[in-house]
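Asks: Return atomic coordinates for the entry below.
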Amino acid sequence: MMHLQSLQWLLDLQASNSAGFLDYFRFAFTLPGNLFVELIGVFPALASFLGIAASPETGYSSLNGLLAKIISCAFWLFLFIQALNLSNKPKDSKVYLDEDSKTQPLLLPLPKDYPILRKHS
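Replies: Presented below is the predicted three-dimensional model:
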């Protein structure tokens, strides 16, 4: 089982009685980036190429670093945009049975007794 230092900080926050809302918010904000950086830190070749120290062997100096914060910002921005897209679904247009489906529906449908030429089948 892999040891995740990022999740250990949550236990440290819960153990200290002086942790406030801001500490929990900071933890939740940086968690996606820290987990990603920590995942990269498991692969020594990739971690050394990117200059990441996020494993028990190299230490955890890259956690809460610039790369982790950029990844966290991108993650939360993506979720925010997806939430906005879910709330802005286009409304279904009404289908009027007396109109030809190839034409655009009128804003207000014409009454049935309006004197126009209609195709009768």
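
Asks: State the distance from the spatially most central residue of the chain to Pro32.
Replies: With distances taken as Cα atoms, centre = their mean, Leu79 lies nearest the centre of the chain, 1.7 Å away. Distance, Leu79 to Pro32, by Cβ to Cβ, to the nearest Å: 9 Å. Where C-beta positions appear, they are placed from N, C-alpha and C, glycine not excepted.

Asks: Over to Trp9?
Replies: Per Cβ to Cβ, Trp9 is found 14 Å from Pro32.

Asks: Could you do Leu11 as well?
Replies: Taken as Cβ to Cβ, the span from Leu11 to Pro32 is 18 Å.

Asks: neighbour-wise, which of the two wins?
Replies: Between Leu11 and Pro32, Pro32 has the larger neighbour count (other Cβ atoms under 10 Å), namely 19 against 9.

Asks: right, and the more buried one touches Cys73 too?
Replies: No - Pro32 is not in contact with Cys73 according to Cβ atoms under 8 Å; the separation is 9.4 Å.

Asks: quick one: the helices in this structure?
Replies: Shown for the chain, the helices assigned by DSSP state H span residues 5-15, 21-41, 44-50, 66-87.

Asks: got a markdown table for those helices, with mean pLDDT too?
Replies: As requested, the helices of the chain are exported to a markdown table (pLDDT from 0 to 100):
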| stretch | mean pLDDT |
| --- | --- |
| helix 5-15 | 74 |
| helix 21-41 | 86 |
| helix 44-50 | 83 |
| helix 66-87 | 91 |
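
Asks: want to throw the ones you listed into TSV with distance to Pro115?
Replies: Shown next, in TSV, are those (distance: least, Cβ to Cβ, whole Å):
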stretch	distance to Pro115
helix 5-15	73
helix 21-41	65
helix 44-50	75
helix 66-87	44
